[in-house]
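J.: Generate a structure from the sequence data that follows.
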Amino acid sequence: MQRQLQEEKVFKDPVHHSVYVHDMTIWKLINTPEFQRLRRIRQLGTTYLTFHGAEHSRFSHSLGVYEITRKIINQFERNGYKDWPQEEKLVSLCASLLHDVGHGPFSHAIEHVFQTDHEKWTCDIVLGDTSINRVLREAGEEFPDKVASVIRKTYDKPIVVSLVSSQMDADRMDYLLRDAYFTGVNYGSFDLDRLLRVMRPHKDAIVVKESGMHAVEAYLMARYQMYWQVYFHPVTRSSDMLLRQIFRRAGELYQSGYRFAFLLPQLAQLFERKMTVDAYLSLDDSIVQTAFNQWIRESDELLSDLCRRFLHRQLYKYITVESIDEAFLNGLREEWLAIGLNPEYHLEVDTPIDLPYDVYKPGTAPDAKDKPPILILDEKDRVSEISARSDIIKSIAGLHQGKYAIYYPEEELRERASRLKPSTRELFGL
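T.: Modelled structure (predicted):
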């Protein structure tokens, strides 16, 4: 049974001003070791190397998602909307608060290298032998399963899932505003209060009142700008690339039997793909950076150099090209080998298309991870997908732009420039 605190708890927040906690379950979850760990996980991974203010944590973001969800539900209940199932309030709040508890160091970097999934880890933490699980079970033996199914998007109340995971969910609303604030840009700004006022529960979905369509357009345009100006920033992509390369190289060395001068047990488990929940929860940004600081002294020159570059912000440079084919890439790889560079590590090609962000997708594809579209409710109680009503949204829906970027270590390439083909020297400005 849901219990209320005798006196509400208030967190001061730079984005929402205040985050209010009234429920004992929420207060206890915030104070678990697993949730407190999120203070040590940066929300934007390596973006602080591009935008120096981007030091905010998954902890503050998770509180923000909870607060937006709380505001939405309060608005539904205050207005007496019959399509909102009031008994689902606590599970919605808990899922919103815990949705990112499974994130690892530097957020998505580890996922790329080790094929892990933070949502799976979140569910493992919610369902495992953890303080979070014990707090949730106080609300009912089946309650952890309910929270996990919301995070998995399999919960039998789609309207609850859409609060946490849709194309206009509390998660995205918070990270746009929060990331814009801490990176110091204006691109992510939109009228959150207006957007929340025009949201409605309708049957099994959350829709937007027709008169609020312009507020949704502003929200989606903010997303569009943030993706291209912040999340897709080529310097951040370079630091992400170095991070992935460090983990890849360390993993290769571990598998080959290399004897590390310094290796934490939980990193060994990571390389063996035998990570337990306890070991995973002991990983955070500071632990990984400590390892990198020690690996600078390793005898493997490649691992040492990659760690030095990352910690000292000596990132790879990049050039952009309109298109790339395999024959062109193979030619570059051969040149790299001929001049003594490792094409597996000293030559990387990047395109924004493979990023884990999307601006807006009009419909749901067969991929189960696709999120429900944004729906508009007109005065005659008819529902339509927003890109069918808005030329602005139609123009950016599914849009991919940007050029290919080729990343390389500038100093090493410049030292060997005389041995490159004239056309390659010209391409790289050497």
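J.: Could I get the contacting residues of the closest residue in space to residue 49 that isn't next to it in sequence?
T.: For residue 49, ignoring the flanking residues on the chain, the nearest one in space by C-beta to C-beta, 6 or more residues apart in numbering is residue 239 at 4.5 Å. Using the backbone N, CA and C atoms, a C-beta is placed for each residue, glycine as well. Contact partners of residue 239, counting by C-beta atoms under 8 Å, 6 or more residues apart in numbering, are 46, 47, 49, 50, 310, 313, 315.
J.: Do I have it right that the first one meets residue 241?
T.: No - using C-beta atoms under 8 Å as the test, residue 46 is too far from residue 241 to be in contact (9.3 Å).
J.: Now residue 347: closest residue in space that isn't a chain neighbour?
T.: residue 336 (5.4 Å).
J.: And that neighbour, how far from residue 408?
T.: Residue 336 sits 8 Å away from residue 408, going by C-beta to C-beta, to the nearest Å.
J.: more neighbours, these two?
T.: Legend: neighbour count by other C-beta atoms under 10 Å for residue 336 and residue 408, higher for residue 336 (22 against 19).
J.: What average pLDDT does the helix or strand that one falls within get?
T.: Secondary-structure assignment from DSSP states H and E places residue 336 in helix 326-338. The average pLDDT within helix 326-338 is 95.
J.: Would you tell me what the next helix or strand after it is?
T.: Once the chain leaves helix 326-338, the next helix or strand it forms, by DSSP H and E, is strand 348-350.
J.: Which other helices and strands does that next one contact?
T.: The helices and strands touching strand 348-350, judged by 3 or more C-beta pairs under 8 Å, 6 or more residues apart in numbering; DSSP states H and E, are helix 234-255, strand 404-408.
J.: mind checking which of those is nearest residue 6?
T.: Among these, helix 234-255 comes nearest to residue 6, with 44.9 Å by C-beta to C-beta.
J.: From the chain's centroid, how far away is that closest one?
T.: Chain-centre distance of helix 234-255: 18 Å, with C-alpha atoms, centre = their mean, to the nearest Å.
J.: Can you check what angle separates it from strand 404-408?
T.: 60 degrees (axes from the mean of the first three to the mean of the last three C-alpha atoms, to 10 degrees).
J.: still on that earlier bit, quick one, the helix holding residue 336 and strand 404-408 angle?
T.: Using the same axes, to 10 degrees: helix 326-338 against strand 404-408 is 10 degrees.
J.: returning to that earlier point: the residue nearest to residue 347 and residue 348 touch, don't they?
T.: No - using C-beta under 8 Å, residue 336 is not in contact with residue 348; the gap is 11.2 Å.
J.: Buried residues in the lengthiest strand in the chain, which are they?
T.: Across the chain, the longest stretch assigned as strand under DSSP state E is strand 4-13. By 16 or more other C-beta atoms under 10 Å, the buried positions in strand 4-13 come out as residue 11.
J.: Give me the contacts around stretch 37-51.
T.: Under C-beta under 8 Å, 6+ apart, the answer for stretch 37-51 is 54-62, 100-101, 103-109, 175, 178-179, 182-185, 230, 233, 235-236, 239-240, 243, 281, 284-286, 313, 315.
J.: Find the residue closest to residue 253 in space, skipping its chain neighbours.
T.: residue 300 (5.9 Å).
J.: count of residues packed around that neighbour?
T.: Neighbour tally, residue 300, other C-beta under 10 Å: 16.
J.: Also residue 17?
T.: Neighbours around residue 17, by other C-beta under 10 Å: 9.
J.: where in the stretch 301-430 of the chain is pLDDT low?
T.: For the stretch 301-430 of the chain, the stretches flagged by pLDDT under 70 are 352-370, 397-402.
J.: Recalculate using a threshold of 80.
T.: 351-372, 387, 391-403 (pLDDT under 80).
J.: mind listing the helices for it?
T.: Chain-ordered helices for the stretch 301-430 of the chain, with DSSP state H, counting those that start in this stretch as the definition, fall at 301-311, 326-338, 391-396, 410-415, 422-427.
J.: which one of these has the most crowded surroundings?
T.: Among those, helix 301-311 has the highest mean neighbour count (mean count of other C-beta atoms under 10 Å), at a mean of 19.
J.: Start and end of stretch 130-142, how far apart?
T.: With C-alpha to C-alpha, to the nearest Å as the measure, stretch 130-142 spans 15 Å from end to end.
J.: average pLDDT across that stretch?
T.: For stretch 130-142, the mean confidence score works out to 97.
J.: Give me the domain ranges for the chain.
T.: Split into domains by automatic domain parsing, the chain comes to 4-232+376-389, 233-315, 316-359+399-430.
J.: ok, what's across the strand from the closest residue to residue 10 other than its chain neighbours?
T.: Counting by C-beta to C-beta, 6+ apart, residue 10 lies nearest to residue 18, which is 5.2 Å off, once chain neighbours are set aside. In this entry, residue 18 is beta-bridged to residue 12, by DSSP bridges.
J.: Just confirm residue 18 contacts residue 9, I think it does.
T.: No - proximity of residue 18 to residue 9 does not meet the contact threshold set by C-beta under 8 Å, at 10.3 Å.
J.: Tell me how far residue 136 lies from residue 143.
T.: Going from residue 136 to residue 143 by C-beta to C-beta gives 5 Å.
J.: Now list whatever residues contact both of the two.
T.: By C-beta under 8 Å, 6+ apart, residue 136 and residue 143 have these common neighbours: residue 94.
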